[in-house]
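*Asks:* sequence? don't have it. structure:
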């Protein structure tokens with residue numbers, strides 16, 4: 001039995017002064033009771049949080065999640081050092097054969113003991129996206145959903161796919177949504193020019209997540225004077241929908257983060273990095289699949305500077321931006337990095353510090369700087 005002592009244990013709805021007891025990688029108790037243990041770890045002056053869960057990241061540390069098994073593990077371990085104990089490797093739109101190969105590599109990485117944390121199944125971001133909302137996605141790879149491609153992949157590798165971002169307005173999206181639901185894959189609307197009617201059908205078919213709200217998501221349009229709600233308004237209106245926010249301090253101004261937080265609340269928001277492979281490096285130029293980008297002003301941009309291409313953030317940066325810039329209470333900021341993404345991804349054993357959960361923790365100081373990271377009760 002291991003005992004962790006802290007005056008600032010971050011529980012779902014409060015900051016608790018007490019002890020966390022761990023046995024065989026699981027939390028067995030959270031209490032003020034003092035039980036004799038084989039090992040005591042005194043973290044009295046630090047915050048102890050559940051391990052962060054990033055459900056949307058393309059890479060980091062110079063490694064891509066669309067790369068080899070080694071690349072995937074190295075990228076995951078880079079993010080682990082910044083507090084992300086559970087990660088969802090994101091694969092951008094590309095030739096479908098390449099995307100399938102990347103899924104297979106993620107499958108292998110999921111069981112590789114070199115990974116310090118937990119690697120979830122892949123997040124496929126495309127290729128069934130909107131041409132108008134492509135962002136940094138490769139436009140020559142974007143298509144309508146093709147059953148001959150996605151059905152065999154779902155049948156053969158459903159355990160290696162955790163979620164799929166798509167545009168609900170595309171031809172064939174109805175069948176695609178139903179297939180995702182059948183195979184237990186989280187459907188997320190993103191890189192989409194959908195209107196309310198498209199989104200309402202998608203929700204009926206099981207879609208309950210919006211990929212990086214305000215980034216490549218449609219807003220109100222007018223048809224002969226009649227206004228039609230887009231994805232942004234649907235996300236704010238419909239309680240069924242959870243949303244991702246790229247909380248890197250670049251993609252969204254603090255006021256927009258505050259607005260979404262005020263409307264949706266911490267239970268419906270997952271903070272994500274959407275980081276590219278050059279996060280954590282000194283490089284200033286790279287490629288996301290076939291799209292060239294530069295790093296300038298602390299964010300990835302298309303080379304013509306017309307739009308952002310992704311972030312160079314890590315999960316500890318998201319926490320600092322949410323708390324220090326957007327003035328979100330630390331309990332809720334942590335919830336959006338832990339409990340909410342765990343619920344979205346149906347990860348029942350993570351995301352909270354409570355009895356029965358995995359002993360994944362992030363320890364940080366009053367400046368919100370990472371001090372220690374634990375996975376299954378072991379500091380790594």
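*Replies:* Noted; the coordinates are in hand. Source: prediction; values computed, not measured. Numbers count the residues shown, from 1 in each chain.

*Asks:* those strands in the stretch 151-300 of the chain, which residues are they?
*Replies:* Secondary structure of the stretch 151-300 of the chain by DSSP state E, counting those that start in this stretch: the strands cover 161-166, 186-189, 209-210, 221-223, 226-228, 242-246, 269-272, 285-288, 291-296, 299-302.

*Asks:* could you redo these as a markdown table and give each row mean neighbour count and mean pLDDT?
*Replies:* Using the backbone N, CA and C atoms, a C-beta is placed for each residue, glycine as well. Conversion of the strands of the stretch 151-300 of the chain to a markdown table gives the following (neighbours: other C-beta atoms under 10 Å; pLDDT from 0 to 100):
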| stretch | mean neighbour count | mean pLDDT |
| --- | --- | --- |
| strand 161-166 | 26 | 98 |
| strand 186-189 | 26 | 98 |
| strand 209-210 | 26 | 98 |
| strand 221-223 | 9 | 93 |
| strand 226-228 | 10 | 95 |
| strand 242-246 | 26 | 98 |
| strand 269-272 | 29 | 98 |
| strand 285-288 | 18 | 87 |
| strand 291-296 | 18 | 92 |
| strand 299-302 | 20 | 92 |
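
*Asks:* doesn't residue 350 fall inside a strand?
*Replies:* No. Counting by DSSP: H, G, I helix; E, B strand; the rest coil, residue 350 is not part of a strand but coil.

*Asks:* ok, how many other residues are close to it?
*Replies:* Residue 350 has 22 neighbouring residues, counting by other C-beta atoms under 10 Å.

*Asks:* what's the answer for residue 343, then?
*Replies:* Residues near residue 343, counting by other C-beta under 10 Å, number 18.

*Asks:* for it, what are its contacts?
*Replies:* Contacts for residue 343 (C-beta atoms under 8 Å, 6 or more residues apart in numbering) come out as residue 351.

*Asks:* so it sits in a strand?
*Replies:* No. Residue 343 is assigned helix when assessed by three-state DSSP, not a strand.

*Asks:* roughly how far apart are it and residue 269?
*Replies:* Going from residue 343 to residue 269 by C-beta to C-beta, to the nearest Å gives 11 Å.

*Asks:* then residue 7?
*Replies:* Applying C-beta to C-beta to residue 7 and residue 269 gives a distance of 27 Å.

*Asks:* next one: residue 219
*Replies:* Here the criterion is C-beta to C-beta. By it, residue 219 lies 18 Å from residue 269.

*Asks:* now swap in residue 277 and tell me
*Replies:* Residue 277 is 25 Å from residue 269, by C-beta to C-beta.

*Asks:* now do residue 261
*Replies:* 7 Å.

*Asks:* ok, residue 233 next?
*Replies:* Remark: distance between residue 233 and residue 269 (C-beta to C-beta) = 16 Å.

*Asks:* in this structure residue 207 contacts residue 177, no?
*Replies:* Yes. With contact defined as C-beta atoms under 8 Å, residue 207 counts as touching residue 177 (6.1 Å).

*Asks:* any shared contact partners between the two?
*Replies:* Residues touching both residue 207 and residue 177 (C-beta under 8 Å, 6+ apart) are 168, 187.

*Asks:* the stretch 151-300 of the chain: helices as residue ranges?
*Replies:* Ranges of helices in the stretch 151-300 of the chain, per DSSP state H, counting those that start in this stretch, are 173-182, 196-204, 231-237, 254-264.

*Asks:* hey, which of those is tucked in deepest?
*Replies:* Using mean count of other C-beta atoms under 10 Å, the stretch among the helices of the stretch 151-300 of the chain with the largest mean neighbour count is helix 231-237, at a mean of 21.

*Asks:* residues contacting residue 160?
*Replies:* Residue 160 is in contact with 103, 104, 106, 107, 110, 121, 122, counting by C-beta under 8 Å, 6+ apart.

*Asks:* out of those residues, which are inside strands?
*Replies:* residue 122 (DSSP state E).
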